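S.K.: Dropping the sequence and predicted coords here.
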Amino acid sequence: MQTDTLIIGGGLSGLSLAARLAAEGHDFLLAEARDRLGGRILTERLDAASFDLGPAWFWPGQPRIAALIEQLNLSRFEQFSNGELTYEDEQRQVLRGRGHASMEGSWRLHGGLAALIDALAQGIPAERIHMATPVKALARSGGHITASTRDGTQIRARRVVLALPPRVAAGLSFLPDLPGEARTAMQGIATWMAGQAKALAVYDRPFWREAGLSGDAMSRVGPMVEIHDASPAEGGPYALFGFIGIPPLARSDAQLLRQQVRAQLGGLFGPAAAAPLQLFLKDWAFDPFTATDQDQQPLYAHPRYGLPRALSRLWDGRLILAGTEVARQFGGYLEGALEAGELAHLHLNAVES
């Protein structure tokens, strides 16, 4: 196969760039390693409801995602935060009280964030997207770069965009090899959300709301450290989700983790919480297309992101990084993925000129 621009990665950054190129009539292909689009955006559906197991929120003051949602005729709703907060101390004493819910004022998307991915994909010709196509090697020769996939397929392109976490991109084989400072820079950029795991419990009624609780909880014991209401804007089924706070190696037994999550929910919100209709778990630390061994420790603070100088002109500007981690202003966020796609588009135009 041959194309002008090859985008590796079909998450929000890669898809937003592909949609721009499609609208402009450019020649491109998008290779996605998974059998689905969205990358770290993962939405599970049950009955008429959608539940996000990757990122779930965006915020006022993030102009790109607001404009894109309007452009795609999607709709948003505010995170539920009415009611008392719940706190569990080290002695498993459960306390209730008023306070500021940590995600109050944030926005969620009707239909989950998969609605955004689906709408973007509809604007891209199907023949341009190749799913279940993990790229393992890139080789530069003259004015072209040849990408080799795991099944032996070769894609020849003039420019390649790595819409991937830099650490994942560093796992590819490069010929000629990248400069040492470039590899060091790529491996030193922590993958946002890679150490995270999320549990999401679905119920037929929002019993916590009925009891005057917001669903927000903080806990000093059990696997989940932070819990929020994850219900749709209207109707059911309803849900609570929690961030798993124990280290990845301590949560590798999924069956045990499920038991611990149910028990913790029951302790925080009562017996009904311990018996969900369905319990979804997603451990991003063990997803090879998201995390590396360096990402086994979860992040407790937002890293400083942006594109290091060592990564700014790889292969004479024909190899471009575009994951959310290289966005300067909103790195790590959904807005950062769009920012990175926007910057990649500018770089492509600069190479063309």
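M.R.: Perfect, I can see it now.

S.K.: Just the CA trace of stretch 138-145, in CSV.
M.R.: Presented in CSV, the C-alpha positions along stretch 138-145 are these (Å, rounded to 0.1, in the frame of the first residue of the first chain):
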residue,chain,number,x,y,z
LEU,A,138,9.3,2.1,10.5
ALA,A,139,12.1,2.4,7.9
ARG,A,140,13.1,5.6,6.2
SER,A,141,14.7,5.5,2.7
GLY,A,142,15.1,8.6,0.7
GLY,A,143,11.9,10.6,0.8
HIS,A,144,9.6,7.8,2.0
ILE,A,145,8.9,5.9,5.2
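
S.K.: Can you tell me what sits against that stretch?
M.R.: 6, 146-148, 156-160, 172-176, 315, 318-319 (C-beta atoms under 8 Å, 6 or more residues apart in numbering). Any C-beta I mention is one placed from the backbone N, CA and C, and that applies to glycine too.

S.K.: This structure - how does it break down into domains?
M.R.: Per automatic domain parsing, the structural domains of the chain span 1-41+113-192+302-353, 45-112+193-288.

S.K.: Make JSON lines from these and add mean neighbour count to it.
M.R.: Output for the domains of the chain, formatted as JSON lines (neighbours: other C-beta atoms under 10 Å):
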{"stretch": "domain 1-41+113-192+302-353", "mean neighbour count": "19"}
{"stretch": "domain 45-112+193-288", "mean neighbour count": "17"}
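
S.K.: quick one: which of the ones you listed is nearest residue 294?
M.R.: Each of these has some distance to residue 294 by C-beta to C-beta; the shortest is domain 1-41+113-192+302-353, at 5.9 Å.

S.K.: Mind checking the pLDDT average for that closest one?
M.R.: Mean per-residue pLDDT for domain 1-41+113-192+302-353: 96.

S.K.: With stretch 266-275 instead?
M.R.: pLDDT averaged over stretch 266-275 gives 96.

S.K.: what about it, start to end distance?
M.R.: Stretch 266-275 has an end-to-end distance of 8 Å (C-alpha to C-alpha, to the nearest Å).

S.K.: same check, this time on stretch 79-92
M.R.: End-to-end distance (C-alpha to C-alpha), stretch 79-92: 27 Å.

S.K.: For residue 295, find the nearest of the domains of the chain.
M.R.: Among the domains of the chain, the nearest to residue 295 by C-beta to C-beta is domain 45-112+193-288 (3.6 Å).

S.K.: Leaving out the residues flanking it, which one is nearest to residue 331?
M.R.: Spatial nearest neighbour of residue 331, excluding adjacent residues (C-beta to C-beta, 6 or more residues apart in numbering): residue 305 at 2.4 Å.

S.K.: wait, what's in contact with the one you found?
M.R.: Residue 305 makes contacts with 189, 192, 324-328, 331-332, 336, as judged by C-beta under 8 Å, 6+ apart.

S.K.: what's the answer for residue 45, then?
M.R.: Neighbours of residue 45 in contact, by C-beta under 8 Å, 6+ apart: 51, 112, 114.

S.K.: now, which of these lie within strands?
M.R.: Using DSSP state E, residue 51 are the members of these that sit in strands.

S.K.: Out of the contacts of residue 45, which is nearest to residue 249?
M.R.: So of these, ranked by how close each gets to residue 249 (C-beta to C-beta), first place is residue 51, at 26.4 Å.

S.K.: Would you mind measuring from the closest one to residue 23?
M.R.: Using C-beta to C-beta, to the nearest Å, residue 51 is found at 31 Å from residue 23.

S.K.: what does residue 224 give?
M.R.: From residue 224 to residue 23 the distance is 42 Å (C-beta to C-beta).

S.K.: Closest one to residue 79 out of the contacts of residue 305, please.
M.R.: Nearest to residue 79 among the contacts of residue 305: residue 332, at 18.5 Å, using C-beta to C-beta.

S.K.: Skipping its backbone neighbours, what lies nearest the closest one in space?
M.R.: Leaving aside its chain neighbours, residue 332 sits nearest to residue 192 (3.7 Å; criterion: C-beta to C-beta, 6+ apart).

S.K.: just residue 235 next, same as before
M.R.: residue 48 (6.8 Å).

S.K.: so who does the residue lying closest to residue 88 once chain neighbours are set aside touch?
M.R.: Spatially, and ignoring its direct neighbours in sequence, residue 88 is nearest to residue 219 (4.1 Å; C-beta to C-beta, 6+ apart). With contact set as C-beta under 8 Å, 6+ apart, residue 219 has these partners: 87-88, 225-227, 264, 268.

S.K.: Could you measure from residue 219 over to residue 254?
M.R.: Applying C-beta to C-beta, the value for residue 219 to residue 254 is 20 Å.

S.K.: Could you do residue 141 as well?
M.R.: From residue 141 to residue 254 the distance is 45 Å (C-beta to C-beta).

S.K.: which residues touch the nearest residue to residue 335 once chain neighbours are set aside?
M.R.: Nearest residue to residue 335 in three dimensions, chain neighbours excluded: residue 62, at 3.9 Å (C-beta to C-beta, 6+ apart). By C-beta under 8 Å, 6+ apart, residue 62 lies in contact with 330, 333-335.

S.K.: Quick check: pLDDT value at residue 62.
M.R.: 97.

S.K.: please begin residue numbering at 8 from this point
M.R.: New numbering, starting at 8: the last item is residue 69.

S.K.: I'd like the distance between it and residue 337.
M.R.: On the measure of C-beta to C-beta, residue 69 and residue 337 end up 7 Å apart.

S.K.: same check, this time on residue 243
M.R.: 33 Å.
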